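*Asks:* How does the following fold in three dimensions:
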Amino acid sequence: MPDPRIKNEEQYEALREKGYSKEKSARIANTPDAGERGGKASPYEEWTKEELYEQAKNVGIEGRSKMDKKALIYALRNN
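*Replies:* Modelled structure (predicted):
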C-alpha cells in the first residue's frame, strides 16, 4: 500500500531503485513541482543565492540560512 506521506510515489520508487536513501527519495518526491522541468533547469551555479535557498527550503535542508551560495549548491547536490 502506498505511503500517504509521499506525494509522488512513482518518483519515490524510481529514486529508491537508483540507490537513493529513503529520506532523500522522500524529500525529492515531496518537493512541489518535482520532476516537471524535465532536465531543462539551468545549473545551480547560474541560480541566485535566493533561488538556491528556496530550493533548499523545499527539500528540507537544515542549516540553510547560514550557508553561502557554494554551500547551498553542495547541500542540494549531496543531500
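
*Asks:* Only C-alpha atoms from now on, for both contacts and neighbour counts.
*Replies:* Noted.

*Asks:* all helices in the protein, in order from the N-terminus.
*Replies:* In the chain, the segments counted as helices under DSSP state H are 9-17, 22-29, 49-59, 69-78.

*Asks:* residues making contact with the second one?
*Replies:* Which is helix 22-29. 6-9, 11-13, 15-16, 34, 59-60, 79 (Cα atoms under 8 Å, 6 or more residues apart in numbering).

*Asks:* Now it - C-alpha only, CSV.
*Replies:* Extracted C-alpha coordinates of helix 22-29, given in CSV (Å, rounded to 0.1, in the frame of the first residue of the first chain):
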residue,chain,number,x,y,z
LYS,A,22,14.5,6.6,1.9
GLU,A,23,14.9,10.1,3.4
LYS,A,24,16.4,11.7,0.3
SER,A,25,13.9,10.0,-2.0
ALA,A,26,11.0,11.2,0.1
ARG,A,27,12.3,14.8,0.2
ILE,A,28,12.7,14.9,-3.6
ALA,A,29,9.3,13.2,-4.2
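
*Asks:* pLDDT of that helix, averaged?
*Replies:* Helix 22-29 shows a mean pLDDT of 82.

*Asks:* For the worst-scoring helix or strand of the chain on mean pLDDT, which residues meet the burial criterion?
*Replies:* Least confident helix or strand, the chain: helix 22-29 with a mean of 82, by mean pLDDT, DSSP states H and E. For helix 22-29, burial by neighbour count (16 or more other Cα atoms under 10 Å) applies to 24-29.

*Asks:* Now tabulate those residues in JSON lines and tack on distance to residue 64.
*Replies:* As requested, the buried residues of helix 22-29 are arranged in JSON lines below (distance: Cα to Cα, whole Å):
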{"residue": "24", "distance to residue 64": "16"}
{"residue": "25", "distance to residue 64": "19"}
{"residue": "26", "distance to residue 64": "19"}
{"residue": "27", "distance to residue 64": "15"}
{"residue": "28", "distance to residue 64": "17"}
{"residue": "29", "distance to residue 64": "20"}
